[in-house]
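>>> sharing a sequence plus its predicted fold:
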There are 2 protein chains.
Amino acid sequence: MEHIAWVSVDAFAVLAEPSRRRILDTLRRAECSVGELVDTLELSQPAVSKHLRVLREAGFVSCRTVAQHRIYRLDLRRLRAVDDWLAPYRRMWETHLDALERHLDKE
Amino acid sequence: MEHIAWVSVDAFAVLAEPSRRRILDTLRRAECSVGELVDTLELSQPAVSKHLRVLREAGFVSCRTVAQHRIYRLDLRRLRAVDDWLAPYRRMWETHLDALERHLDKE
DNA sequence: AGCTTAGATGCCTTGACAGGCATATGCCGG
DNA sequence: CCGGCATATGCCTGTCAAGGCATCTAAGCT
């Protein structure tokens, strides 16, 4: 069921929430249990769980169960989709930057 | 006044709105008047104007006045901020990809 | 000056979503 | 099998943003 659902979720909408970006930033360093995230983010446990649910359904994170803990872990695939949207723009400023450098070299 | 304001606007929140991304995608090809955007996006004129205001105040676009037209134009600086957030993640999948390639090379 | 076109703004309604709190579920140890 | 810890979920409420419509402003034309 989830495997279908997350395709339709708007990645940017998910990232619009600052707390969710902070969760990703935290998971970037190391995978993490919910409790650890609660401590790090200073947010209530239900709030964190809800954000994790959104991130999970959107494919930004995956989780596995270890005893009574859930260990969450970054899934990079979805972020690449965001990066894909950005790519053409990045090409633009890279060429602009190149042009600028060439301009400065002439002086 | 605006020069101060747009620093505090959350870039991701601005991009969360699909119509606004479509506007940027359109402006990426060429600068554009409001009317042209209305035609392209099939959205009401007030709606487009409001999105443009958000984009403008967030620093994603700039505009100049030509007769009774307003020509909007992409401003890449703000997108680079988004890209900056993404950069550490990109490094991650690039190294993962490298690792995968090395792995495949061995076979 | 009056008319028209391009665009911006204001008001209103509606829908989505975040957080708080209470509660349910799942898993462990004894 | 029971109590307790870790996490998930439901319900409620407040907030905020998007779109529709009407209106205002500004610039050009005759």
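Structure's in. What do you need?
>>> so how far is A:Asp75 from the residue most central in space within chain A?
Geometric centre of chain A, nearest residue: A:Leu24, 4.9 Å, by C-alpha atoms, centre = their mean. Separation of A:Leu24 from A:Asp75 (C-beta to C-beta, to the nearest Å): 10 Å. For glycine as for every other residue, the C-beta is placed from the backbone atoms N, C-alpha and C.
>>> between those two, which contacts overlap?
Residues touching both A:Leu24 and A:Asp75 by C-beta atoms under 8 Å, 6 or more residues apart in numbering or on different chains: A:Phe60, A:Val61.
>>> the residue nearest to the centre of chain A belongs to a strand?
No. Assessed with DSSP: H, G, I helix; E, B strand; the rest coil, A:Leu24 is helix; it does not lie in a strand.
>>> got a list of what it touches?
Contact analysis of A:Leu24 by C-beta under 8 Å, 6+ apart lists A:Leu15, A:Leu55, A:Phe60, A:Val61, A:Leu74, A:Leu79, B:Tyr89.
>>> again, only using 10 Å
The contact partners of A:Leu24, taken as C-beta atoms under 10 Å, 6 or more residues apart in numbering or on different chains, are A:Val14, A:Leu15, A:His51, A:Leu55, A:Phe60, A:Val61, A:Leu74, A:Asp75, A:Arg78, A:Leu79, B:Trp85, B:Tyr89.
>>> mind checking the SS state of A:Lys50?
Following three-state DSSP, A:Lys50 is assigned to helix.
>>> quick revisit: show me which of the contacts of A:Leu24 are buried.
Among the contacts of A:Leu24, the ones that count as buried by 16 or more other C-beta atoms under 10 Å in any protein chain shown are A:Val14, A:Leu15, A:His51, A:Leu55, A:Phe60, A:Val61, A:Leu74, A:Asp75, A:Arg78, A:Leu79, B:Tyr89.
>>> am I right that the last one is in a helix?
Yes. Counting by three-state DSSP, B:Tyr89 is part of a helix.
>>> tell me which two in the buried ones among the contacts of A:Leu24 are the farthest apart.
The two members of these with the most space between them (C-beta to C-beta) are A:His51 and B:Tyr89, at 17.5 Å.
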